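In: what would the 3D arrangement of this be:
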Amino acid sequence: HQWRIEANHYVLTSLTQTSGLAGLLFPMTVELQSQGKFLADGFVPESFRTVRQGQATTENADFDWIKSVVRLTRDGKDRPLVQGSQDMVTFAYQLAYRVKVLADTELEKRAHFPMSVMTGKRYDAFDFEIVGESKLETPLGDFQALHLKATGPGNSTDTTEVWLDVEHLYLPVKIRFTDRNGDVYEQVAELANVQI
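Out: Alright, predicted model coming up:
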């Protein structure tokens with residue numbers, strides 16, 4: 001993930017590549033990019049773009065906060081935009097921001113963080129639940145992490161999990177998605193580089 005903020009505007013890019021045996025048999029590169037504003041309530045996405053194997057896709061969206069609609073390129077239809085909605089790149093950072101705001105005062109009183117998320121293919125409501133806090137081992141080191149988990153909407157068995165670093169602004173250090181077939185897609189922090 002690469003995150004750049006200038007004034008109140010952000011650009012957040014996520015690059016995912018298959019690795020290990022999967023990388024040899026099924027090489028894949030997916031780049032997601034979110035652009036928008038960072039305001040008092042956190043991330044306010046304006047556009048979301050997907051590039052797969054170096055080619056632009058239709059898994060994109062534009063957020064119109066004035067008209068309160070989000071348009072998915074895939075079908076060209078507008079959907080009602082729920083306040084606080086995020087996209088596939090910003091959702092983990094927005095969770096971190098919301099948890100950080102509550103951490104010093106009311107985190108222990110909260111068990112759920114509802115959030116509508118646009119994936120490029122769908123726009124659904126999720127309910128992230130605090131699972132607990134534990135030590136997390138990563139290539140970047142060991143972290144005391146807050147674990148949150150959400151199941152997919154409706155009867156979906158998809159799950160999304162996020163581990164937030166308690167000692168460093170609750171930034172995400174691990175994100176895992178498990179689909180209904182049991183396939184697991186995971187991102188784990190290996191390197192952190194901050195430039196101010």
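In: by contact count, what packs against the lengthiest helix in the chain?
Out: When the chain is parsed with DSSP state H, its longest helix is helix 91-103. Helix 91-103 sits against strand 42-52, strand 112-118, strand 159-165, strand 172-178, with contacts defined as 3 or more Cβ pairs under 8 Å, 6 or more residues apart in numbering; DSSP states H and E. All C-beta spots, glycine's among them, are computed from the backbone N, C-alpha and C.
In: what helices and strands are in contact with the third one?
Out: In terms of contacts (3+ Cβ pairs under 8 Å, 6+ apart), strand 159-165 is packed against helix 91-103, strand 123-138, strand 141-151, strand 172-178.
In: in its sheet, what does the following helix or strand past the last one sit against?
Out: Following strand 172-178 in sequence order, the next helix or strand is strand 184-188 (DSSP states H and E). Strand 184-188 has these partner strands in its sheet, going by DSSP bridges: strand 172-178 (antiparallel).
In: buried stuff in the strand it pairs with?
Out: 172, 173, 174, 175, 177, 178 (16 or more other Cβ atoms under 10 Å).
In: check the gap between the third one and residue 82 for me.
Out: From residue 174 over to residue 82 the distance is 26 Å, taken as Cβ to Cβ, to the nearest Å.
In: nearest spatial neighbour of residue 17, skipping sequence neighbours?
Out: Residue nearest to residue 17 in three dimensions, not counting chain neighbours: residue 29, with 5.0 Å by Cβ to Cβ, 6 or more residues apart in numbering.
In: got a pLDDT number for the nearest residue to residue 175 once chain neighbours are set aside?
Out: Excluding the flanking residues, the one nearest residue 175 by Cβ to Cβ, 6+ apart is residue 187, at 4.7 Å. pLDDT, residue 187: 84.
In: next one: residue 133
Out: With respect to pLDDT, residue 133 scores 90.
In: surely it touches residue 148?
Out: No. Counting by Cβ atoms under 8 Å, residue 133 sits too far from residue 148 to count as a contact (10.5 Å).
In: so which of these two has more stuff around it?
Out: residue 148 (22 against 13; other Cβ atoms under 10 Å).
In: closest one to residue 9 among the helices and strands packed on helix 91-103?
Out: Smallest distance to residue 9 across these (Cβ to Cβ): 9.0 Å, for strand 42-52.
In: packing partners for that closest one?
Out: Using 3+ Cβ pairs under 8 Å, 6+ apart: strand 42-52 touches strand 29-39, strand 61-64, strand 86-87, helix 91-103.
In: if you set the cut-off to 6 Å instead, what comes out?
Out: Using 3 or more Cβ pairs under 6 Å, 6 or more residues apart in numbering; DSSP states H and E, the elements in contact with strand 42-52 are strand 29-39, strand 61-64, helix 91-103.
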